[in-house]
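Participant: Need a 3D model of the following:
(chains A and B)
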Amino acid sequence: MADLKRTVFFDLHNELGAKMVPFAGWEMPVQYGLGVMKEHLHTRAGAGLFDVSHMGQVILRPRSGALADAALALESLVPVSVLGLKEGRQRYAMFTNEAGGILDDLMVANRGDHLFLVVNAARKEADIAHLRAHLSESCEIEVIEDRALIALQGPKAEAALARLNPYAAGMRFMDSANLGFFGEECWVSRSGYTGEDGYEISVPAAVAVDLARALLEMDEVEAIGLGARDSLRLEAGLCLYGHDIDETTSPVEAALDWAIQKVRRRGGAREGGFPGAARILGELENGTTRRRVGILPEGRAPMRAGTALFAVAEGGDSIGAVTSGAYGPSIERPMAMGYVAIDHAAGGGPIFGEVRGRRLPATVSPLPFRAPNYKR
Amino acid sequence: MKFTEEHEWLEVEGDLVVVGITEHASEQLGDIVFVEVPEAGTTVTKGDEVVVIESVKAASDILAPLDGEIVEVNDALEETPGLVNEDPTGKGWFFKMKVEDLSALDDFMDEAEYKDFIG
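Facilitator: This next block holds a predicted model:
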């Protein structure tokens, strides 16, 4: 794995017995000693610590000094309201392309005098090039390379983090704040990607391992790998870029309408003005021909990504395909997400997934599969 | 107990051969969430895909180690596939098969050879 990048936690992962795998150009822990199933369940019951330092951290600083200018600039690339994001708050967004597809999904935080973006590892370089190409006039674009990123997730995350800095307990879901740990300023948001309450912490590399060790010493905290991160996010109904969303899926097809605030929709004060607006705004009003849905296989056999979906048990054309599929340790059954023709998106009758040549029954299900535990 | 290069274990029980996967294999697969065993009475040829295992990571097939007839399967795995992780060489067995000639088992590795094989 010579060409792979390593996070500052590489030695710690090995010390903890992690199984390391290549992921988006990085050598990352897929699981530790507990294994995927127990790591998943531990995160739902206690607190799980994830190394997500492979993700891209980017700051947009308005050249004018007025944050509104950076917000408006970013709005030219995303269909969400950035101007409406209050100081100390974060929200979900996506970069769209001219065809109305999704270039990446990301988190944006208003940190007072700048915007802080967290983007997917696999899309980091492309995102930065995209930002530089379109926003350089109005913003300084600073790629953060000297900070690690960790996520602490689960019902006991608050108790664990507040032990190191009591201010952590006062944050609400999607708050963003500076908190000191080990004498360094960390950029903390009360968020994550597991469906659990918790935090994401951008921590200076110099104290990152100290912070991780301090958390791991606590009884309720275990190190959790990317394997469990995947089953946790799928139970929570959250998209994985490159699987559930990509350049060919629009935000409306992907059922991400909720992320597009009224102010950016037709009739809104800042209607459109982002790549692919004609298609996306049209779809918000008129619907789409396919839609991302949850799928619950009736039996125990998982329906993996790529599984073709059908309306009938024999014959007929495919109505869609699974984009993520796995076993859900907390719901104790297999689960999947995928796209189906719009006539089947509302559920009702059974659908069928073709697994090893046999069509197995499944039902279209609302997402998430498991209600989130966010502290709003 | 004998072992195949596909990480199955074979154990003679009367005139039958009991088949499962080794502890090493179950560790490599990770948490097993689904096992599909064949129907009792199925005639198989060595190399046939007879069992499907799905772990939290991926699907894998288990091949028939010998020609013969599947005479009994471990139905408990349908409801509790995790038995393969908990007790791979005991309660996690897959099927029992009737083979023509039990001496065919001599071709497989013994425990010491298998340990060398997995390093």
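
Participant: Show the residue spans covered by the strands in chain B.
Facilitator: Applying DSSP state E to chain B gives strands spanning B:2-3, B:8-13, B:16-21, B:32-36, B:43-44, B:49-55, B:59-63, B:68-73, B:95-98.

Participant: The fifth one - contacts with which helices or strands?
Facilitator: The helices and strands touching strand B:43-44, judged by 3 or more C-beta pairs under 8 Å, 6 or more residues apart in numbering or on different chains; DSSP states H and E, are strand B:68-73. Every C-beta, even on glycine, is put in place using the N, C-alpha and C of the backbone.

Participant: How about the contacts made by the most centrally placed residue in chain B?
Facilitator: Residue closest to the average C-alpha location in chain B (C-alpha atoms, centre = their mean): B:G20, at 2.6 Å. By C-beta atoms under 8 Å, 6 or more residues apart in numbering or on different chains, the contact set of B:G20 is B:E8, B:W9, B:V84, B:P88, B:T89, B:G92, B:W93, B:F94.

Participant: Could you check how far the closest residue to it other than its chain neighbours is from B:G47?
Facilitator: Nearest residue to B:G20 in three dimensions, chain neighbours excluded: B:W93, at 4.3 Å (C-beta to C-beta, 6 or more residues apart in numbering or on different chains). According to C-beta to C-beta, to the nearest Å, B:W93 and B:G47 sit 20 Å apart.

Participant: So the two - more neighbours on which side?
Facilitator: Ranked by neighbour count (other C-beta atoms under 10 Å in any protein chain shown), B:W93 and B:G47 place B:W93 first, with 24 against 12.

Participant: and the helix or strand bottoming out on mean pLDDT in chain B with strand B:32-36, angle?
Facilitator: One helix or strand of chain B scores below all others by mean pLDDT, DSSP states H and E: strand B:59-63, with a mean of 91. Counting by axes from the mean of the first three to the mean of the last three C-alpha atoms, to 10 degrees, strand B:59-63 lies at 50 degrees to strand B:32-36.

Participant: quick revisit: which of the strands of chain B has the lowest mean pLDDT?
Facilitator: Of all the strands of chain B, mean pLDDT reaches its minimum on strand B:59-63 (a mean of 91).

Participant: Which of the contacts of B:G20 sits closest to chain A?
Facilitator: B:V84 (12.7 Å; C-beta to the nearest C-beta).

Participant: contacting residues for that closest one?
Facilitator: Contacts of B:V84 by C-beta under 8 Å, 6+ apart are B:G20, B:I21, B:S26, B:I32, B:V35, B:I53, B:L77, B:G92.

Participant: returning to that earlier point: would you mind putting the strands of chain B into a markdown table with distance to A:R264 alongside?
Facilitator: Shown next, in a markdown table, are these (distance: least, C-beta to C-beta, whole Å):
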| stretch | distance to A:R264 |
| --- | --- |
| strand B:2-3 | 62 |
| strand B:8-13 | 58 |
| strand B:16-21 | 54 |
| strand B:32-36 | 41 |
| strand B:43-44 | 60 |
| strand B:49-55 | 42 |
| strand B:59-63 | 42 |
| strand B:68-73 | 57 |
| strand B:95-98 | 59 |
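
Participant: List the contacts of the residue nearest to B:G20.
Facilitator: Residues in contact with B:W93 (C-beta under 8 Å, 6+ apart) are B:V18, B:V19, B:G20, B:N74.

Participant: so who does the second one touch?
Facilitator: So the one you mean is B:V19. Per C-beta under 8 Å, 6+ apart, neighbours of B:V19: B:E8, B:W9, B:L10, B:I62, B:P65, B:W93, B:F94, B:F95, B:K96, B:M97.

Participant: Distance of it relative to B:A104?
Facilitator: 13 Å.

Participant: Repeat that for A:I260.
Facilitator: Remark: distance between A:I260 and B:A104 (C-beta to C-beta) = 65 Å.

Participant: Tell me which of the two has more neighbours.
Facilitator: Higher neighbour count among A:I260 and B:A104: A:I260, with 22 against 17, using other C-beta under 10 Å.

Participant: Settle this for me: that one is touching A:V78, isn't it.
Facilitator: No - using C-beta atoms under 8 Å, A:I260 is not in contact with A:V78; the gap is 9.3 Å.
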